[in-house]
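Enquirer: curious how this folds, go ahead:
(chains A and B)
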Amino acid sequence: MKYLARRCALFIPTLLLVLCLVFLLVRLIPGDVVTLLLNDQNVSPQQAAEFRSKLGLNDPLPVQFVHYVADVARGDFGHSLFTGNSVWSDVLDRLPVTAELALLAAVFTLLLGIPLGVLSAVYQDRPLDHGLRVTAIAGLSLPGFWLGTLAIAMPAVWWHYSPPLTYVSPFDNLGDNARQFLVPAVIMSLYFACILMRMTRSAMLEVLRNDYVRTARAKGLSEQVLIRRHVIRNGLIPVVTLFGTQVAVLLGGTVIFEQIFNLQGIGSYVFQAVSQRDYPAIQSVNILLALAVLIVNLLVDCSYVYLDPRTQG
Amino acid sequence: MPRSASPFIRSVSRRRFLAGGAVTAVGSAALIAGCGGGNSKGAASPSGISPAASPSEAASTPQKGGTLRLPTIFASGGNFDVQKFVPAQYTAAVWRTCGNGLFTIDPKTGNPIPDLVDTWSFPDPLTFVAKLKPGAKWHNKPPVNGRAVTAADVKFSLERIATNDPAFVRHSDYDLVDRFEAPDDQTVRIVLKQPFVPLVSALANQQAVIVAPEVIQKFGDLSSADAIIGSGPFILDHADTTQGGAVKRNPDYWEKGGPYLDGIQWTIVNDPQTILSGFQSGKFDMYQVATIDLPSVKGLSGVTVAHYLAPNNFLQGLGGPIDKAPLNDIRVRQAINLAIDRKGLGNVVYPGGDFQPAAVIANPAWGIPSDALLTRPGFRQPKDADLADAKKLVAAAGGNIELTITTTSSFPSFYLDRAQAYKAQLEAVGFKVTLDTSDYTSFKSKETNKRFQVDTLSPAFATDPDSLLSGAFSSSGARNYFSYSSKEFDDYIAKERAESDPEKRKQIILEAQELLLKDLPVAGFANWYVYSDLAIRDNVKGVQLGGIGPSGAQAGDQSFQAKNIWMTS
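Expert: Here you go, the predicted model:
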């Protein structure tokens, strides 16, 4: 419990650091939202300056930062400079899409990566292992956006089929939701599953070479029990660590897949926000993504206790 | 960059920007094509080639029913306050089906035509008077509950649009307006400070939607979709800025004929390939096809592709501030003008497309015809003589002239692709060219603040050339990034603004363009009359083409009238 509390307390400085970095970095990019809002309109530079001032963009950076942090501390993520919409409400609108896509992709990553990695290790240097390794390399080599584009284009050409183009909640129509999400989630997971498979294989092989495994075999433990009870659990620790770090990459990857499969999620939202220099939106989404990554990594750390009880002490 | 650039940004660093741009409003835009009868040959060809008629125009009796399904692009984000910031094309489309302006746009010609206005005139150069159509009424829903549209509503709306606040981006359209008046329920009077004939075009702008004061009172502004309450042929069913929206037929619509459709559905799609796939799989009824995708679409059964000349109201070319070296030397600008191979550049911008060269304005209604350009230095083919002359001019200007072309990696067909082509063409005559590439917002920031030498410009203008010409080239133009100042040109602007005879006004605008080609405030004007392709399912009828541009941005400038489109079962 103490460990958990300590880890949670560390969230605050981490999030502040993330916010500070995002806040500063995004302002280093030339141009601002006013440039776009008044794009090519007959607006004088004076009027544009007044408008900047109205949006608070002329305030000194420390003032802007303190205002924003104070608002976030009160649970107010501010309003989009571009649309005027509440950022929190925009995020809530889009969160289900990204959450479902990322969650499904993570599940497929685990379902594909770990079992195949174990199989590859157990059948080391046999045809199955070779086949899986070649497949993994191929999976790493093929860009996801290309596979995604093919997955949209080819069924339309061959069968005049395309998945639903507007978001369908699983609670409204599970079938349509599955048609919309399964393909992008599987394609998105391929890359990560291949990495995870290779890591699982390596970790397993390392464990399989340990003395205690030889001892267990010598004691007559069946291969199945040996793998399940002793090898997998020990081999999973680096794999789970890797998975934790990949979650951030996976969340970032949703941008491309949301674009290709027309899913209006957080990824496309933050992409737009960056293009529009919509500071409150960029900052808020980054905070939320950072929080998500922190939570996943906390869960990963907690899983060590289960995988290796020695870490409890 | 097109007016709706902001939304463009979200999705378009892709190869088919132009196609995508078109799609936007196709949804709406071609769609737009609904008003009036007749054929699609309204737009004059720049060189005698007639645009094809829309297959869906076949004369027969319109019937009610059907829901038109349209893709729309570049629409994410934004809100629904059409009178304020530049709205996404889809936002404007929803408003123009649910609402009316005083004027709207003829889809065949692109010219303003009456919408809420019954009769109108300029009794004197400083007064515009319009009588509203009798019987015009608001949607039968709170807070307006089907009451009549009055001149006071019009006055309220126009005053809101003209609010002197940068948030109301069209307010400068009304800079020359002294006051709006509503002497009685049916009469709108606009008193001008100076003669301003283009006022009618401003009133036809997509953002000049008339709303009732009660709506603003109830909702505070128009940003919420719930505030989409107008007097138009359709009533909002639902809309958001992430998925799309739908409108349904207004059962109490006050004008005869139309609407025929049960409704219209827009789906926001941010990827051109996904739109193509959606069309192939039967999810959409109309779609502006990129040239590269034509083979994929032409083979589909039950689909016809209309090929038509689409006016292009962008300012395109290569230019920069002419008060700074090296562009302050007219010889340098002339050399650039001669060095640019418009045909080769067109192949970069519209690969495989059907286009002819234009100069400043590529709208047949206002631009210099291709035939008149093709014999001129800079525009003629082959380029040998031009290139030789360009080399001489570069040498005369001192040689070894370094040019930095500022451009953006966003919307490559509009910017980076052509910047690379410019670079190659200019280097061929002795310029030393480097590219300064950044993202779109940075690029616009540099352009707006004149922190560039030359750039691949393409700001757009509204439905009337006055906006482009005065904004970009008059001495006080807010978009005059070229530091161009010419009394002669300013006089042309004053004259065209005061000239109510369309033919005489066109002549003045042509002369103004000729002056620009002589002075070269944009060193290399490079625009094109472009033919577009619209894929239409055979059961969609009443679509007219010719006044609608190839890009969503332009189409967004036009009104969206779907009331004359209908579908067979």
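
Enquirer: which stretches of the chain have low pLDDT?
Expert: Went with chain A since none was named. Chain A contains residues with pLDDT under 70 at A:40-42, A:311-313.

Enquirer: chain B is the one I meant
Expert: Those would be B:1-59, B:74-77, B:86-88, B:458-463, B:547-561, if you go by pLDDT under 70 across chain B.

Enquirer: what sits against the residue in the stretch 251-400 of chain B positioned nearest to chain A?
Expert: Relative to chain A, the nearest point of the stretch 251-400 of chain B is B:S277 (3.6 Å; CB to the nearest CB). C-beta: built from backbone N, CA, C; applies to glycine. B:S277 is in contact with A:I152, A:A153, A:P155, A:A156, A:S162, counting by CB atoms under 8 Å, 6 or more residues apart in numbering or on different chains.

Enquirer: how about it, nearest residue that isn't a chain neighbour?
Expert: Distances taken as CB to CB, 6 or more residues apart in numbering or on different chains put A:A156 closest to B:S277, at 3.6 Å, once the chain neighbours are dropped.

Enquirer: list the buried residues in the one helix or strand that neighbour maps to.
Expert: Taking DSSP states H and E as the criterion, A:A156 maps to helix A:144-159. By neighbour count on 16 or more other CB atoms under 10 Å in any protein chain shown, the buried set for helix A:144-159 is A:G144, A:L147, A:G148, A:T149, A:A151, A:I152, A:A153, A:P155, A:A156.

Enquirer: pick the one among these closest to chain B.
Expert: A:A156 (3.6 Å).

Enquirer: that closest one reaches B:L276, doesn't it?
Expert: Yes: at 7.2 Å, A:A156 counts as touching B:L276 under the criterion of CB atoms under 8 Å.

Enquirer: tell me who's in contact with B:I268.
Expert: Applying CB under 8 Å, 6+ apart, the residues contacting B:I268 are A:166, A:262, A:264, B:71-73, B:75-76, B:90, B:241-244.

Enquirer: how far away is it from B:E255?
Expert: 29 Å (CB to CB, to the nearest Å).

Enquirer: cool, B:K518 as well?
Expert: The value you get for B:K518 to B:E255, if CB to CB is used, is 47 Å.

Enquirer: do the same with B:P357
Expert: For B:P357 relative to B:E255 (CB to CB), the value is 41 Å.

Enquirer: who has more neighbours, those two?
Expert: B:P357 (26 against 16; other CB atoms under 10 Å in any protein chain shown).

Enquirer: give me the secondary structure label for that one.
Expert: Put simply, B:P357 is strand when judged by DSSP: H, G, I helix; E, B strand; the rest coil.

Enquirer: thought it was touching B:W528?
Expert: Yes: between B:P357 and B:W528 there is a contact under CB under 8 Å: 6.0 Å.

Enquirer: common neighbours of these two, please.
Expert: Counting by CB under 8 Å, 6+ apart, the residues touching both B:P357 and B:W528 are B:R342, B:G346.

Enquirer: excluding chain neighbours, what is closest to B:S445?
Expert: Closest to B:S445 by CB to CB, 6+ apart is A:G31, at 3.5 Å.

Enquirer: before we move on, what about A:N297?
Expert: Closest residue to A:N297 apart from its sequence neighbours, by CB to CB, 6+ apart: A:G244 at 4.6 Å.

Enquirer: burial count for the one you found?
Expert: Other residues close to A:G244 by other CB under 10 Å number 17.

Enquirer: ditto for B:S438
Expert: 18.

Enquirer: look up how far chain A lies from it.
Expert: Going from B:S438 to chain A by CB to the nearest CB, to the nearest Å gives 7 Å.

Enquirer: surely that residue meets B:T408?
Expert: Yes: the criterion here is CB under 8 Å, and B:S438 meets it with B:T408 at 6.0 Å.

Enquirer: may I have the phi/psi pair for the closest residue to B:A151 other than its chain neighbours?
Expert: Leaving aside its sequence neighbours, B:A151 sits nearest to B:A182 (CB to CB, 6+ apart; 3.6 Å). Taking degrees, to the nearest 10, you get phi -130, psi 80 for the backbone angles of B:A182.

Enquirer: name the residues of the stretch 401-550 of chain B found near chain A, please.
Expert: With the criterion set to CB under 8 Å from any CB of the partner chain, the stretch 401-550 of chain B comes near chain A through B:410, B:438-446, B:448, B:459-460, B:467, B:471, B:477-479.

Enquirer: mind checking which of these are buried?
Expert: B:410, B:438-446, B:448, B:459-460, B:467, B:471, B:477-479.

Enquirer: quick check, A:Q47 in contact with B:P166.
Expert: Yes: counting by CB under 8 Å, B:P166 is a contact partner of A:Q47 at 4.6 Å.

Enquirer: what ranges does the stretch 451-569 of chain B have for its strands?
Expert: Along the stretch 451-569 of chain B, counting by DSSP state E, counting those that start in this stretch, strands occupy B:454-457, B:524-525, B:527-537, B:540-541, B:566-567.

Enquirer: for the residue nearest to B:S277, what are its contacts?
Expert: Neighbours of A:A156 in contact, by CB under 8 Å, 6+ apart: A:S162, B:L276, B:S277, B:G278, B:Q280, B:S281.

Enquirer: and the closest residue to B:T568 other than its chain neighbours, how far from chain A?
Expert: In this structure, B:T568 finds its nearest non-sequential neighbour in B:N539, 4.6 Å apart by CB to CB, 6+ apart. Per CB to the nearest CB, B:N539 is found 16 Å from chain A.

Enquirer: how about the contacts made by B:N539?
Expert: B:G66, B:D285, B:G302, B:M567, B:T568, B:S569.

Enquirer: cutoff 10 Å now
Expert: If you count contacts by CB atoms under 10 Å, 6 or more residues apart in numbering or on different chains, B:N539 has them with B:S56, B:G66, B:D285, B:G302, B:W566, B:M567, B:T568, B:S569.

Enquirer: contact residues of the stretch 201-313 of chain A facing chain B?
Expert: Residues of the stretch 201-313 of chain A lying near chain B by CB under 10 Å from any CB of the partner chain: A:258-265, A:268-269, A:271-278, A:281.

Enquirer: please pick the buried ones from the residues you listed.
Expert: A:258-265, A:268-269, A:271-278, A:281.

Enquirer: what does the stretch 251-400 of chain B put close to chain A?
Expert: B:265, B:267-271, B:273-284, B:296, B:299-300, B:315.

Enquirer: which residues of the stretch 1-150 of chain A lie near chain B?
Expert: A:29-52, A:54, A:80, A:82-85, A:90, A:93-94, A:97, A:148-150.

Enquirer: filter those down to the ones in helices?
Expert: Of those, the ones assigned to helices by DSSP state H are A:33-37, A:45-52, A:54, A:90, A:93-94, A:97, A:148-150.

Enquirer: distance-wise, check the residue nearest to B:T568 relative to B:G65.
Expert: 10 Å.

Enquirer: overlap in contacts, those two.
Expert: B:W566, B:M567, B:T568, B:S569.

Enquirer: nearest residue to B:E488 in space, please, no chain neighbours.
Expert: B:L515 (6.1 Å).

Enquirer: that neighbour contacts B:I368, doesn't it?
Expert: No: look at B:L515 against B:I368 with CB atoms under 10 Å: they stay out of range, at 11.7 Å.

Enquirer: more neighbours: which of those two?
Expert: Between B:L515 and B:I368, counted using other CB under 10 Å, the more crowded position is B:I368 (23 against 17).

Enquirer: next up, the contacts around that one.
Expert: Per CB under 10 Å, 6+ apart, neighbours of B:I368: B:46, B:357-362, B:376, B:379, B:509-510, B:513-514, B:517, B:525, B:527.
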